[in-house]
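Novice: starting from these lines, generate the structure:
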Amino acid sequence: MKKRIVGYDLARALAVFGMVAVNFKVVLGAGKNGPGWLVTAAGWLDGRAAATFVVLAGVGLSLLSRTAYERYLRGDGEPLMRDRRTLLKRALFLFVVGSLYTSIWPADILHFYGVYIAVAAFLLATPTRRLWSYAGVLVLAFAVMLVTLDYERGWDWSTLSYAGLWSPAGMIRHLFFNGFHPVVPWLAFLLVGMALGRLEMNSPATRRRVLAWGLGVAAVAELLSWSLIRSLSAASPADHGVIVAVFGTEPMPPVPLYMLAGTGTACAVIAACVALGERHGDRGWLRPWVATGQLALTLYVAHVVLGMGTLQWIGRLENQTLAFALLAAALFCLLGVVFAHLWRQRFQRGPLEAIMRALTDPRKPTG
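Specialist: Residues are numbered from 1 along each chain as shown. Below you'll find the model as predicted:
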């Protein structure tokens with residue numbers, strides 16, 4: 001059995017922290033309510049943390065199916081079929097839980113996850129180069145959809161509410177085109193993660209290559225975005241909003257430059273965390289952070305139910321400063337690290353992780 005790469009857990013913990021910070025900032029109405037440097041720094045997390053989370057999900061799929069994939073290449077397809085059935089059950093679990101969760105957290109990513117994983121379950125045997133090609137096609141497909149379909153249909157941007165979400169047409173449109181994390185093109189992040197998960201990240205040379213490419217792609221995307229927005233807006237100030245939407249690196253709409261920036265950032269963060277884990281993985285101070293990544297599903301749900309629920313209870317859920325929102329997010333994350341560390345001392349998996357495993361793969365122990 002290969003040694004567990006704890007760096008993936010570290011990266012997952014960072015992704016959860018980033019998502020908590022972004023979501024607290026949005027719900028507390030604090031996005032622009034702070035000094036410029038803090039607004040800029042916090043804004044960088046928008047879409048990057050969630051993208052990293054999805055890329056890591058793809059990495060997890062490749063790690064889960066690695067042995068089955070290798071046996072498939074040798075002509076034995078039965079293990080891959082078993083893994084596919086397990087993933088389809090997990091996809092259904094996440095879709096159902098996420099759909100229920102949407103009633104209290106409209107920006108839920110779990111039900112999108114369910115669709116990503118259901119599609120990916122049929123791509124476990126896909127060659128790596130084809131995974132990259134499919135990812136590229138998804139990015140380009142969204143660009144075409146953006147100019148041919150009405151991206152704003154259903155949205156009330158002042159309240160971030162979506163009309164007709166539970167109608168068949170609204171659900172499909174939200175899931176696949178203009179929701180918070182639409183399958184087209186967000187599935188591309190998962191496919192990139194699947195390709196990344198097939199690399200030998202234990203190799204320092206591989207990590208350096210992934211880090212360099214990740215940083216390079218992210219930097220080029222950000223610089224190109226900044227340059228295009230600046231030059232085109234100067235030439236046509238009245239169209240500034242449209243120019244930002246088409247050439248920006250914000251997650252909504254997820255245009256190609258955002259997808260490149262998100263992919264590059266995710267790859268760089270993952271490579272850096274794997275390197276940290278390889279160097280210090282046996283150190284006691286790192287274990288709570290590793291445990292946090294292993295309880296990502298539980299903490300993701302808890303940050304709304306418990307974190308935002310507490311803020312609502314004390315009357316601090318709206319019209320707050322950015323500093324307060326980030327402080328509240330940091331406090332939740334700190335408590336999450338403590339909880340995860342104590343929980344993992346007694347149990348192998350987090351509460352929701354254990355339930356999912358028991359329901360979708362009961363052959364394996366959940367204790």
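Novice: who touches stretch 104-113?
Specialist: Contact partners of stretch 104-113, identified using Cβ atoms under 8 Å, 6 or more residues apart in numbering, comprise 19, 23, 26, 50, 53-54, 57, 91, 94-95, 97-99, 101-102, 160-162, 165, 175, 179-183, 186, 297, 300, 304-305. To be clear about C-beta, it is placed using only N, CA and C from the backbone, and glycine gets the same treatment.
Novice: repeat that for stretch 269-279.
Specialist: 5-11, 14-15, 52, 55-56, 59, 196, 201-202, 204, 207-208, 210-211, 214, 286, 290.
Novice: sorry, back to before: among the contacts of stretch 104-113, name the ones in strands.
Specialist: Counted as lying in strands by DSSP state E, out of the contacts of stretch 104-113, are 161, 162.
Novice: the strands in the protein, which residues?
Specialist: Remark: strands assigned in the chain by DSSP E are 155-156, 161-162.
Novice: got a markdown table for those strands, with distance to residue 83 too?
Specialist: Supplementary listing: those in a markdown table, determined by distance: least, Cβ to Cβ, whole Å:
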| stretch | distance to residue 83 |
| --- | --- |
| strand 155-156 | 37 |
| strand 161-162 | 34 |
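Novice: let me have the ones you listed in JSON lines, adding mean pLDDT and distance to residue 262 as columns.
Specialist: What follows is the strands of the chain, written out as JSON lines (pLDDT from 0 to 100; distance: least, Cβ to Cβ, whole Å):
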{"stretch": "strand 155-156", "mean pLDDT": "92", "distance to residue 262": "21"}
{"stretch": "strand 161-162", "mean pLDDT": "89", "distance to residue 262": "22"}
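Novice: quick one: closest of the ones you listed to residue 74.
Specialist: Across those, residue 74 has its closest neighbour in strand 161-162 (47.2 Å, Cβ to Cβ).
Novice: any idea how far residue 189 is from residue 229?
Specialist: Residue 189 is 23 Å from residue 229, where distance means Cβ to Cβ, to the nearest Å.
Novice: right, I mislabeled it, should have said residue 99
Specialist: Residue 99 is 36 Å from residue 229, by Cβ to Cβ.
Novice: okay, the two: which has more neighbours?
Specialist: Set side by side, residue 99 and residue 229 show more neighbours around residue 229, with 18 against 15, by other Cβ atoms under 10 Å.
Novice: can you give me the pLDDT of that one?
Specialist: For residue 229, the model assigns a pLDDT of 93.
Novice: quick revisit: what's the ChimeraX line that selects buried ones from the contacts of stretch 104-113?
Specialist: Buried residues within these, by 16 or more other Cβ atoms under 10 Å, are selected in ChimeraX with:
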select :19,23,50,53,54,57,91,94,95,97,98,101,102,162,175,179,180,181,182,183,186,297,300,304
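Novice: take the contacts of stretch 104-113 and keep only those in helices.
Specialist: 19, 23, 26, 50, 53-54, 57, 91, 94-95, 97-99, 101, 183, 186, 297, 300 (DSSP state H).
Novice: any idea where the helices of the stretch 51-200 of the chain begin and end?
Specialist: All helices of the stretch 51-200 of the chain, identified by DSSP state H, counting those that start in this stretch, fall at 66-73, 78-101, 110-120, 128-148, 168-173, 183-197.
Novice: can you put the ones you listed in TSV and add distance to residue 44 and mean pLDDT?
Specialist: Output for the helices of the stretch 51-200 of the chain, formatted as TSV (distance: least, Cβ to Cβ, whole Å; pLDDT from 0 to 100):
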stretch	distance to residue 44	mean pLDDT
helix 66-73	33	87
helix 78-101	26	93
helix 110-120	22	95
helix 128-148	21	96
helix 168-173	29	94
helix 183-197	17	97
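Novice: winner for burial among the ones you listed?
Specialist: helix 183-197 (a mean of 26; mean count of other Cβ atoms under 10 Å).
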